[in-house]
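Q: Attaching a predicted model along with its sequence, questions to come.
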Amino acid sequence: MTDWQDKRIAILGIARSGIAAACALAAKGAQVILSDVRTAEELDAVLAQVPEGVKVETGGHSSACLDADLIVVSPGVPRNLSILQAAEADGVEVIGEMELAYRLARAPMVAITGTNGKTTTTTLVGEILKAAGRVAPVGGNIGQPLVSLVETEADYLVAEVSSYQLETVRDLKPKVAVWINFSDDHLTRHGSREGYWEAKKRLFAKQDADDWAVLNADDPAIAPLIGALPARALAFSRTQALETGLVVSDGWIVHRVHGVDTPILPVEAISLRGQHNLENCLAASAVGVALGLDVAAIAEAIREFKGVEHRIEPVRKIAEVAYFNDSKGTNYDSTVKAIDSFTEPLVLIAGGRDKGGAIAPMVEAICARVSHVVLLGEAAPYFERVLRAGGYEAITMASDLEGAIREAHAHAVPGGVVLFSPACASFDMFANFEERGRSFKALVHRLSETTPADAPANP
């Protein structure tokens with residue numbers, strides 16, 4: 001569908017991406033209806049953003065949606081809704097906002113997925129392109145919905161892509177597609193680890209030999225795809241001496257082609273903590289190489305990059321204890337990587353709404369590296385149970401985040417770290433991980449106002 005004039009489009013989900021899709025389609029002359037199961041009262045704050053001429057229905061999805069030529073679903077809308085099943089049975093095409101953005105876009109797309117590291121890598125790719133003199137707005141699952149950027153005069157669109165968004169792609173064909181890593185997450189949504197993996201793999205389905213697939217050779221769930229996809233593969237590895245790809249050699253990130261190395265920058269020039277961030281830098285470098293960017297621009301962007309909010313973000317020091325906000329640590333693997341990023345004595349604050357998966361690696365990391373754990377939220381009793389079963393006893397329970405911070409400070413030592421990496425979703429206590437992270441930072445600053453700089457709680 002390339003002529004949108006007078007096409008009937010139903011958009012399910014009245015939130016950021018749904019409203020952005022409505023704006024884009026209304027501007028193309030489409031007849032748009034926005035539909036949501038929530039009431040008008042619940043949606044009051046966002047309804048003012050609906051563009052003129054767009055119909056709105058609240059309190060449920062009516063049969064008017066089935067009269068559409070196309071249905072666009074927002075990422076948070078469950079795929080098993082009866083109205084979607086009825087629409088597909090009637091031959092109505094159902095896509096998501098990411099697919100819509102691709103169909104509307106005028107610039108080629110760089111699309112980045114992975115269980116963890118998506119936002120860091122996507123942001124860094126945007127910075128690399130900027131350093132190379134390219135216009136490359138960044139959006140998708142980060143910042144602005146991608147569909148709101150499609151009219152931008154750009155060399156590339158850079159998109160963070162979630163598994164939810166990939167469920168509803170059909171023709172999406174990125175010029176460069178990146179899969180950073182894979183571990184258990186969103187299992188309730190996708191039904192199984194295999195279902196989650198298949199959703200991620202959809203990013204590469206429509207690529208061909210003119211495109212690039214950037215893949216992690218160190219990840220056992222991803223490595224078998226190297227050379228097995230239609231796109232040209234560009235692998236990256238932190239630990240292997242690949243014949244061709246982005247690798248680490250003698251303390252440098254290098255682009256290796258049949259054993260011949262082009263150095264990019266020394267690993268010590270990376271300011272981000274953790275080996276997982278070295279992998280993110282390798283993946284972002286691979287995008288630059290695939291697009292033929294100058295190596296100096298890649299190096300400059302990585303050297304200047306200070307990270308993103310809520311990802312092992314330094315907050316401040318209080319009485320010789322450093323506080324870090326890793327609210328984006330919403331699954332076990334992400335928290336393991338955060339723990340592994342520190343060598344200092346470590347107190348961990350964790351808990352929230354559990355997302356499931358294999359918890360044993362996190363228990364092992366806590367037992368090996370964490371001096372004390374403060375637990376909160378719905379998952380706290382479960383986390384306490386599995387930690388004690390693993391022989392770990394240094395546990396304190398907290399009823400809220402403010403109490404958790406005070407308990408963590410009481411157990412921290414001078415020169416140590418308090419790490420907030422929940423390993424859980426935020427929805428039991430907060431609207432999203434951003435609100436949770438900002439609340440953590442505000443509470444840490446409040447603690448600093450009442451804690452003497454020369455009086456560590458546990459000297």
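A: Cool, the structure landed. Numbers count the residues shown, from 1 in each chain.
Q: ok, then the element right after the helix or strand bottoming out on mean pLDDT in the chain?
A: The helix or strand of the chain with the lowest confidence, counting by mean pLDDT, DSSP states H and E, is helix 187-190 at a mean of 66. With elements assigned by DSSP states H and E, the helix or strand that comes after helix 187-190 is helix 193-201.
Q: Need the mean per-residue confidence for that next one.
A: The average pLDDT within helix 193-201 is 90.
Q: can you give me how far that helix is from the chain middle?
A: Centroid separation between helix 193-201 and its chain, computed with Cα atoms, centre = their mean, to the nearest Å, is 16 Å.
Q: So which elements touch that helix?
A: helix 163-166, helix 187-190 (3 or more Cβ pairs under 8 Å, 6 or more residues apart in numbering; DSSP states H and E). Where C-beta positions appear, they are placed from N, C-alpha and C, glycine not excepted.
Q: Send me that helix as PDB with only the CA atoms.
A: Taking C-alpha atoms only, helix 193-201 is exported to PDB below (Å, rounded to 0.1, in the frame of the first residue of the first chain):
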ATOM      1  CA  ARG A 193      12.500 -19.100  24.600                       C
ATOM      2  CA  GLU A 194      12.100 -20.500  21.100                       C
ATOM      3  CA  GLY A 195       9.200 -18.100  20.400                       C
ATOM      4  CA  TYR A 196      11.200 -15.200  21.600                       C
ATOM      5  CA  TRP A 197      14.200 -16.200  19.400                       C
ATOM      6  CA  GLU A 198      11.900 -16.600  16.300                       C
ATOM      7  CA  ALA A 199      10.500 -13.100  16.900                       C
ATOM      8  CA  LYS A 200      14.100 -11.600  17.000                       C
ATOM      9  CA  LYS A 201      15.100 -13.500  13.900                       C
END
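Q: in that helix, what's buried?
A: For helix 193-201, burial by neighbour count (16 or more other Cβ atoms under 10 Å) applies to 193, 196, 199-201.
Q: Repeat that for stretch 79-96.
A: For stretch 79-96, by 16+ other Cβ under 10 Å, it's 81, 83-84, 87, 92, 94-96.
Q: Could you do stretch 274-294 as well?
A: So stretch 274-294, judged by 16+ other Cβ under 10 Å, has buried residues 274, 276-291, 293.
Q: domains in the protein, as residue ranges please.
A: 8-91, 99-304, 313-450 (automatic domain parsing).
Q: Am I right that Ala231 is in contact with Ala177?
A: Yes - in this structure, Ala231 is within contact of Ala177 by Cβ atoms under 8 Å, at 6.9 Å.
Q: what do the two both touch?
A: When contacts are counted by Cβ atoms under 8 Å, 6 or more residues apart in numbering, Ala231 and Ala177 are jointly contacted by 204, 207, 211-213.
Q: So which elements touch the top helix by length along the chain?
A: Ranked by residue count, the top helix of the chain under DSSP state H comes out as helix 433-450. The contact analysis (3+ Cβ pairs under 8 Å, 6+ apart) places helix 433-450 against strand 313-318, strand 321-325, helix 401-411.
Q: Of those, which is nearest Lys130?
A: strand 313-318 (21.4 Å; Cβ to Cβ).
Q: Sketch out the low-pLDDT regions of this protein for me.
A: The model of the chain has pLDDT under 70 over residues 1, 184, 186-191, 452-459.
Q: Swap in 50 and give it another go.
A: Along the chain, the model assigns pLDDT under 50 to residues 454-459.
Q: picking that back up, okay, the domains of the chain in JSON lines with distance to Thr2 next?
A: JSON lines is the format used below for those (distance: least, Cβ to Cβ, whole Å):
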{"stretch": "domain 8-91", "distance to Thr2": "10"}
{"stretch": "domain 99-304", "distance to Thr2": "8"}
{"stretch": "domain 313-450", "distance to Thr2": "35"}
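Q: Quick one: distance of stretch 242-262 to the chain centre.
A: 27 Å.
Q: Could you report the neighbour count for Gly59?
A: Residues lying near Gly59 (other Cβ atoms under 10 Å) number 14.
Q: measure it to Ala89 for me?
A: Distance of Gly59 to Ala89, given as Cβ to Cβ, to the nearest Å: 24 Å.
Q: With Gly390 instead?
A: 49 Å.
Q: And Leu375, by the same measure?
A: Counting by Cβ to Cβ, the gap from Leu375 to Ala89 is 46 Å.
Q: In CSV, list the C-alpha atoms belonging to stretch 439-454.
A: In CSV, the C-alpha atoms belonging to stretch 439-454 read as follows (Å, rounded to 0.1, in the frame of the first residue of the first chain):
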residue,chain,number,x,y,z
SER,A,439,13.0,8.0,41.3
PHE,A,440,16.2,6.2,42.3
LYS,A,441,18.4,9.1,41.4
ALA,A,442,16.2,11.6,43.2
LEU,A,443,16.2,9.5,46.3
VAL,A,444,20.0,9.1,46.2
HIS,A,445,20.3,12.9,46.0
ARG,A,446,17.9,13.3,48.9
LEU,A,447,20.0,10.8,50.9
SER,A,448,23.1,12.9,50.2
GLU,A,449,21.5,15.9,51.8
THR,A,450,21.1,14.1,55.1
THR,A,451,24.4,12.1,55.1
PRO,A,452,27.6,13.7,56.2
ALA,A,453,30.3,13.4,53.6
ASP,A,454,32.8,12.1,56.2
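Q: The stretch 51-200 of the chain: strands as residue ranges?
A: 55-57, 70-73, 93-96, 109-113, 138-140, 157-160, 176-179 (DSSP state E, counting those that start in this stretch).
Q: can you put those in CSV and add distance to Thr239?
A: Below are these laid out as CSV (distance: least, Cβ to Cβ, whole Å):
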stretch, distance to Thr239
strand 55-57, 53
strand 70-73, 39
strand 93-96, 35
strand 109-113, 21
strand 138-140, 29
strand 157-160, 25
strand 176-179, 17
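Q: Between those strands, which one is closest to Gln240.
A: Comparing the strands of the stretch 51-200 of the chain by Cβ to Cβ, strand 176-179 comes nearest, at 16.5 Å.
Q: Sheet-wise, list the partners of that closest one with their directions.
A: strand 109-113 (parallel), strand 212-216 (parallel) (DSSP bridges).
Q: out of those, deepest packed?
A: strand 109-113 (a mean of 28; mean count of other Cβ atoms under 10 Å).
Q: chain center to that one: distance?
A: 12 Å.
Q: for stretch 212-225, same thing?
A: 18 Å.
Q: Give me the contact list for it.
A: 175-182, 197, 201, 204, 207, 226, 229, 231-240, 242, 245, 279, 283, 286-287, 290.
Q: Can you get me the start-to-end distance on stretch 161-179?
A: 10 Å (Cα to Cα, to the nearest Å).
Q: cool, and stretch 89-101?
A: Terminal-residue distance, stretch 89-101 (Cα to Cα): 24 Å.
Q: could the strands paired with strand 176-179 go into a markdown table alongside distance to Gly53?
A: Formatted as a markdown table, the strands paired with strand 176-179 follow (distance: least, Cβ to Cβ, whole Å):
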| stretch | distance to Gly53 |
| --- | --- |
| strand 109-113 | 29 |
| strand 212-216 | 40 |
